[in-house]
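1. can't give you the sequence, but here's the structure:
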């Protein structure tokens, strides 16, 4: 039987009218009269994206009167969703049926319509002999996830943490460029990208999520290479730059500073300390050594975080000069090396103000930096820079170059070396973190002064208390996890609520970020793999709304977090079969493996029980991330699961 259709006229839901035309529809089609009770819409599509058959059910989405698939389901033809559909159809139709599982791998599970609503979709091949003659799309209308986090501060936090993850990615990529066989860096890069993708929620961050998914696919292609090909590494570097720009564009105004603004803000107290201690060092007061050393280190840390190599180099020179003075050297040049750091910071601030006063100031400064020969001798660099400065309005640079003191020219060259990164987006610390950091510095200074009069052992408890000032409460994670659970469940066509109890737990800021990353992956895994669709839960006698319970507590110097869901549990027999198919276990070992041994395979890098790769799962990285992070921080992770009752993760970390 061949049905010919050129246009689909959509009648009231549950019925349809086919008008005869010229598009062939392959045989083996369900009887339309028998399908209206089916919940969604089934559309058969040819390789050109033209609809060749439609059956509507009770929960079918509204379809436009068009034979073009993208127009009918109201998906923007320029969107990443549309690109994935077009690639799927072009590659599938005409291909062998046996290739369908591979071709379906990157097909989207959710489509985002232009009107803001979402469609949960699944795909199947329409066979004709041994070939794929068309593709069947099943679409179910679901409630759209919130367009964006309702709290602007939460949105800004997501972007700020994304920038931190991109910093990690840049560092890993640098290692790969130097050593194409750096497997550890490749694994960390994959992990960071998977975390970044998982954190993106809301319409304004959807483009970042799609770009991260693309970057993740490129990284995955490197996992099969003994050495990372230079061309792919270069492609990945370009994607990371695009991601940084996309995150910066998605940020609420004022959320992200540029790099130099962040450095100047973070180093302001240290610069004041350095000014005062330099004057004391100049008159031979060696009691200022500890304060000067701490100030130099704080400036160095800020410069390194912003990738300002010239500033870091000057910090190193100042630290060496201070060490020589502490050892008893009496050379005025050593004082000059320390004073040069403060002068360099002042020039950075002045040049920043001059550049920002001009519309194209930042790009102008970067362009000038590109024209100064980085390997020329300082005198030649000064001549090149002076010629460039004479053509633009940057009075601070002109004044530094005209200064008879050679230190001025040295600082000007340093500005040029760091100019390319000065205006890169940077993620500032929030106000509370800055306040605590300032308090820690002041108390540390007081303890240093007190240590001259009291034994160190007597001050140990005080120093420990000061260190705990940097601890942050974990309770703010709770609303973020609750919101993420609801939005992700909605995106996947499920219903789920999270109950989070982290009590009054507090941890160092770095560890709190680790806990947040672990919980992100644990919750995503529970919703995608554990929690069933509402109709399946109802059929099994369960509440249609799934539940995820997260609890945390401290035992001595250990932090324990549990994540428990009441979903389907892990099908250990399916894990056994997949482990055998993928060569992780031999047939004999798989047959004799215990349930605990099979559950442990879920943490194996690249192992996934998902049928295909989606924007949520399928690459086998989420559980691997959880174990890797736990072990890196002196901890461990255990899993327990009961069929039909759910799964529980227990994560232990060293405080």
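-> Sure thing, it's come through. Here the structure is a predicted model, which means the values were calculated and not measured.
2. residue 350 is in contact with residue 394, isn't it?
-> No. Using Cβ atoms under 8 Å, residue 350 makes no contact with residue 394, being 9.2 Å away. Yep, even glycine has a C-beta here, placed from its N, CA and C like the rest.
3. so for the two, which sits in the more crowded spot?
-> residue 394 (25 against 17; other Cβ atoms under 10 Å).
4. secondary structure element for the residue positioned nearest the centre of the chain?
-> With distances taken as Cα atoms, centre = their mean, residue 196 lies nearest the centre of the chain, 1.7 Å away. Using DSSP states H and E, residue 196 sits within helix 183-199.
5. try residue 353
-> Assessed by DSSP H and E, residue 353 sits inside helix 332-356.
6. what helices or strands is the next helix or strand after that helix leaning on?
-> Where DSSP H and E defines the elements, the next helix or strand beyond helix 332-356 is helix 361-371. Judged by 3 or more Cβ pairs under 8 Å, 6 or more residues apart in numbering; DSSP states H and E, helix 361-371 is in contact with helix 332-356, helix 378-389, helix 406-422.
7. what sits up against helix 361-371?
-> 258, 351, 354-356, 358, 384-385, 388-389, 392, 394, 416-417, 419-420, 422-423 (Cβ atoms under 8 Å, 6 or more residues apart in numbering).
8. in that helix, which residues are buried?
-> For helix 361-371, a neighbour-count test (16 or more other Cβ atoms under 10 Å) marks 361, 362, 364, 365, 366, 368, 369 as buried.
9. out of those, who's nearest residue 538?
-> Set against residue 538, the nearest of the buried residues of helix 361-371 by Cβ to Cβ is residue 362 (57.8 Å).
10. now that closest one: how far from residue 261?
-> The gap separating residue 362 from residue 261 is 11 Å, by Cβ to Cβ, to the nearest Å.
11. next one: residue 336
-> Plainly put, residue 336 is 28 Å away from residue 261 if you go by Cβ to Cβ.
12. quick one: which of these two has more around it?
-> The neighbour count for residue 336 versus residue 261, taken as other Cβ under 10 Å, is higher for residue 261 (18 against 15).
13. in which helix or strand does that one reside?
-> Per DSSP H and E, residue 261 falls inside helix 259-282.
14. run the angle between the helix or strand that comes right after that helix and helix 332-356 for me.
-> Note on helix 259-282: by DSSP H and E, the next helix or strand toward the C-terminus is helix 289-305. Angle, helix 289-305 to helix 332-356, by axes from the mean of the first three to the mean of the last three Cα atoms, to 10 degrees: 40 degrees.
15. number the chain from 510, please
-> Happy to do that; since the first residue is 510 now, the last one works out to helix 798-814.
16. now which of the contacts of helix 870-880 would you call buried?
-> 767, 860, 863-864, 893-894, 897-898, 901, 903, 925-926, 928, 931-932.
17. now the two most distant members of those.
-> 767 and 893 (25.2 Å).
18. which strands or helices does the helix or strand harbouring residue 967 pack on?
-> Element membership of residue 967, judged by DSSP H and E, is helix 965-977. For helix 965-977, the packing partners by 3+ Cβ pairs under 8 Å, 6+ apart come out as helix 940-959.
19. for the helix holding residue 862, buried residues please.
-> 843-844, 846-861, 863-864.
20. cool, stretch 1063-1081 as well?
-> Neighbour-count burial for stretch 1063-1081, with 16+ other Cβ under 10 Å as criterion, is recorded at 1068, 1070, 1071, 1072, 1073, 1074, 1075, 1076, 1077, 1078, 1079, 1081.
21. any chance of JSON lines for these, columns distance to residue 631, pLDDT and secondary structure?
-> Listed next are the buried residues of stretch 1063-1081 as JSON lines, based on distance: Cβ to Cβ, whole Å; pLDDT from 0 to 100; DSSP: H, G, I helix; E, B strand; the rest coil:
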{"residue": "1068", "distance to residue 631": "40", "pLDDT": "89", "secondary structure": "strand"}
{"residue": "1070", "distance to residue 631": "34", "pLDDT": "92", "secondary structure": "strand"}
{"residue": "1071", "distance to residue 631": "33", "pLDDT": "93", "secondary structure": "strand"}
{"residue": "1072", "distance to residue 631": "28", "pLDDT": "93", "secondary structure": "strand"}
{"residue": "1073", "distance to residue 631": "29", "pLDDT": "93", "secondary structure": "strand"}
{"residue": "1074", "distance to residue 631": "23", "pLDDT": "93", "secondary structure": "strand"}
{"residue": "1075", "distance to residue 631": "24", "pLDDT": "92", "secondary structure": "coil"}
{"residue": "1076", "distance to residue 631": "19", "pLDDT": "91", "secondary structure": "coil"}
{"residue": "1077", "distance to residue 631": "18", "pLDDT": "89", "secondary structure": "coil"}
{"residue": "1078", "distance to residue 631": "23", "pLDDT": "89", "secondary structure": "coil"}
{"residue": "1079", "distance to residue 631": "22", "pLDDT": "87", "secondary structure": "coil"}
{"residue": "1081", "distance to residue 631": "25", "pLDDT": "84", "secondary structure": "helix"}
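22. which one of the residues you listed is nearest residue 1024?
-> residue 1070 (6.5 Å).
23. which ones are touching the closest one?
-> Residue 1070 makes contact with 1011, 1024, 1027, 1028, 1059, 1060, 1061, 1159, 1160, 1162, according to Cβ under 8 Å, 6+ apart.
24. show me where pLDDT drops low in the stretch 960-1109 of the chain?
-> 965, 977, 979 (pLDDT under 70).
25. following element in sequence after the strand or helix carrying residue 1135, please.
-> Per DSSP H and E: residue 1135 is located in helix 1131-1141. With elements assigned by DSSP H and E, the helix or strand that comes after helix 1131-1141 is strand 1145-1151.
26. tell me the strands beside that next one, with direction?
-> For strand 1145-1151, the paired strands and their directions (DSSP bridges) are strand 1155-1163 (antiparallel).
27. got the angle for the strand it pairs with vs helix 1131-1141?
-> Using the same axes, to 10 degrees: strand 1155-1163 against helix 1131-1141 is 30 degrees.
28. what pLDDT, on average, does strand 1155-1163 get?
-> Regarding strand 1155-1163, the rounded mean pLDDT is 90.
29. before we move on, what about stretch 590-605?
-> Mean predicted confidence for stretch 590-605 is 85.
30. in it, what counts as buried?
-> In stretch 590-605, counting by 16+ other Cβ under 10 Å, buried: 590, 591, 593, 594, 595, 597, 598, 601, 602, 604.
31. domain ranges for this structure?
-> 512-651, 661-759, 766-935, 981-1163 (automatic domain parsing).
32. ends of the longest one, what's the gap?
-> So the one you mean is domain 981-1163. 15 Å (Cα to Cα, to the nearest Å).
33. run the chain-centre distance for it.
-> In terms of Cα atoms, centre = their mean, to the nearest Å, the centre of domain 981-1163 is found 19 Å from the chain centre.
34. what sits against residue 1086?
-> Contacts of residue 1086 (Cβ under 8 Å, 6+ apart): residue 1099.
35. what kind of secondary structure is it in?
-> helix (DSSP: H, G, I helix; E, B strand; the rest coil).
36. residue 1102 versus that one, what's the distance?
-> According to Cβ to Cβ, residue 1086 and residue 1102 sit 11 Å apart.
37. same thing with residue 818?
-> 52 Å.
38. one more: residue 650?
-> 42 Å.
39. next: residue 759.
-> According to Cβ to Cβ, residue 759 and residue 1102 sit 45 Å apart.
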